[in-house]
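> Sequence and predicted structure, then a few things I'm wondering about:
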Amino acid sequence: MVTDKGVWSRLRLRLLFTGPTLFAFVAVMIVPFLYGIYLTFTNWDGISTTQSLVGFQNYGAVFKDAEFWKSFGLTLKYVLFTVVFINMLAFLLAYLLTKGLKGQSFFRAGFFLPNLLGGIVLGFIWQFIFNNVLVFLGQKMGIGLFSTSWLSDPNRAFWTLVIVAVWQYAGYMMVIYVAGLTGVPGDILEAASIDGANGWLKMTRMTIPLMVPSFIVCIFLSLQRGFMVYDVNLALTKGGPFKSTELVSMHVYQKAFLSRDYGVGQAEALVLFLIVAVITLLQVYFSKKMEVEA
Amino acid sequence: MQRFKKQTSWLTVIGLSVILFVFIVPFVLLLFNSVKANKDITSSPLTLPTSFVFSNYSIALDKMNYFHAFANSVIITLFSVLFISLFAAMTAHYFVRYDTKFNQYTFLLMVASMIIPFQAIMIPLVKIYGSLNMLNNKWALIFMYIGFGCSLAIFIYHGFVKSIPKELEEAAMIDGCTPTQTFFRIVFPVLMPTTATITILNVLWIWNDFLLPSLVLVDPLQRTLPLSTFNFYGTYTVDYGPLMASLVLSIFPVVIIYLFAQKYIIQGVMQGSVK
């Protein structure tokens, strides 16, 4: 397909076709990423125009920052529960909504609805639910569990984040599982039925192994979103009460932009990136190993 | 057996309806309470409104600077999505048809970069673009969305361009099309279904994005809808009526579009994930 029309016209073509994306990609992703690595070795305070190199001091500060590790541990716990619950509910919904029920596209559309809205709006809606509606119900009906707001209780506030995440993403992952389930060839399931396999056997021995690609995508997405969550966290709990729900993304934001500790904040962001990269790559690697051909 | 099947399917429908109810009830409560007086919201958040306080809406519209924020959101989303789709399709096409080592490595770098979280970039981003005096500008934000969005779009387009027969383009070239004309007359129209998928994924992301615009757009007049909702909710007194109204106002445009395009939106998400 390469026509020999001289170097200049080929260069012009290359610039036209790849120039805009490459320029934006380098200017927005690559340069800031590399500059970010440089920033971790400086003591920039956000105001002064100069900064000096401080070596690995910021990384030392990261390891001594107990709050960072606390919020990181909290995030791990959050990711664990959200990934498990989101995918269990999503798979269940997808399974029930691919059996040819009447109105299944109506149900799918309903479950997907929360994904159309931003985390800020979702966070505020649930703040109202947890602070007003559930407290009202709890007091009226004498349910002790709800009679005080979950958002003001350090132990329960964490679970509000998990509940909202499940509510938010189950519909999205459901859509991906629906695509996976409809891709499982019907004839092999039929053959298994004829051979006397029951529903459970068909599910665990045929359907789930054939759907490994869907599981990879969904777990990958829910892992990534779990580690990076910021807006729901901000709108729903603001990290409170007493920092009991400050997830790691919010901690990095606070460290850099509010405490003006940009070098340490950036170092924490990079540590976070490395840990998340390792976890997601391991997940993809091990799940790829489980893939089978139909 | 038949009867047993019917019964279980009824049970399924009932179970699903209960879950759906939990999914939808927050929105319904929001809508009810957005037209109530403050004291009715706190004393009976679960009932239908008895008297309608529509001033909640006028307060919210006014204090959120709603139409302005809405227009900002539309401009930013529209142009970002337009540029991402067009430029990413061109780049993906070029990468597939001119399969040089350099292009392969660039493509790999782009795919690999998708694992970098925004949090690892945001601090240097603010520093670089702040020192260039490019913050507070819609077009700078649109440029950033192109940079952040193009990798995934190129990745998805790349898969589809490969499935277009080369002969189609060669025929166009023989008929006298330049490579640019070939792309715009032949390739881009063929890529339409993929463009729809990419448009949907990017609209969902950019319309609702909060963190990036909150870092870039500082001036209140530049605010997008999520920013203005956040700001209004964060600073307004605990007068629940207007707060509920502000949430309904930010949900409203999306739900209207969803009612008409839900089939395409769900399909788009499905196709975007399978690749």
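Nice, thanks for sending it over.
> residue contacts, residue B:60?
B:66, B:232, B:242, B:243, B:245, B:246, B:249 (C-beta atoms under 8 Å, 6 or more residues apart in numbering or on different chains). C-beta: built from backbone N, CA, C; applies to glycine.
> Tell me which helix or strand the closest residue to residue B:110 other than its chain neighbours sits in.
Distances taken as C-beta to C-beta, 6 or more residues apart in numbering or on different chains place residue B:151 nearest to residue B:110, at 4.3 Å, with adjacent residues excluded. Here residue B:151, judged by DSSP states H and E, is contained in helix B:138-162.
> can you list contacts of the helix or strand just after that helix?
The helix or strand immediately downstream of helix B:138-162 is helix B:166-174, counting by DSSP H and E. Here helix B:166-174 makes contact (C-beta under 8 Å, 6+ apart) with A:1, A:3, B:97, B:179, B:181, B:182, B:185, B:186, B:187, B:190.
> Out of the residues you listed, which two are the most distant from each other?
Maximum pairwise distance in the contacts of helix B:166-174, criterion C-beta to C-beta, is 20.8 Å, between A:3 and B:190.
> Residue nearest the middle of chain A, spatially speaking?
By C-alpha atoms, centre = their mean, chain A has its centre lying nearest to residue A:225, at 0.9 Å.
> how about that one, secondary structure?
Counting by DSSP: H, G, I helix; E, B strand; the rest coil, the backbone at residue A:225 sits in helix.
> out of everything not next to it in sequence, what's closest to it?
Nearest one to residue A:225, counting by C-beta to C-beta, 6+ apart, is residue A:169 at 6.7 Å.
> and the residue in the stretch 101-250 of chain A positioned nearest to chain B, how many neighbours?
Per C-beta to the nearest C-beta, residue A:118 is where the stretch 101-250 of chain A lies closest to chain B, at 3.1 Å. Neighbourhood size, residue A:118 [other C-beta atoms under 10 Å in any protein chain shown]: 24.
> give me every residue that touches it.
A:231, B:207, B:208, B:209, B:210, B:226, B:250.
> Same list (those) but as a markdown table, adding secondary structure.
Shown next, in a markdown table, are these (three-state DSSP):
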| residue | secondary structure |
| --- | --- |
| A:231 | helix |
| B:207 | helix |
| B:208 | helix |
| B:209 | coil |
| B:210 | coil |
| B:226 | helix |
| B:250 | helix |
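> For residue B:134, state which of these is nearest.
Taking C-beta to C-beta as the measure, residue B:209 is the one of the contacts of residue A:118 closest to residue B:134, at 17.9 Å.
> returning to what we had before: what's the burial count for the residue nearest to residue B:110?
21.
> Sort out which of the contacts of residue B:60 are in helices and list them.
B:66, B:232, B:242, B:243, B:245, B:246, B:249 (DSSP state H).
> Just give me the neighbour total for the closest residue to chain A within the stretch 101-250 of chain B.
The stretch 101-250 of chain B approaches chain A most closely through residue B:147 (2.6 Å), counting by C-beta to the nearest C-beta. Look at residue B:147: counted by other C-beta under 10 Å, it has 25 neighbours.
> nearest spatial neighbour of it, skipping sequence neighbours?
Nearest-residue entry for residue B:147: residue A:28, 2.6 Å, with adjacent residues in sequence omitted and distances by C-beta to C-beta, 6+ apart.
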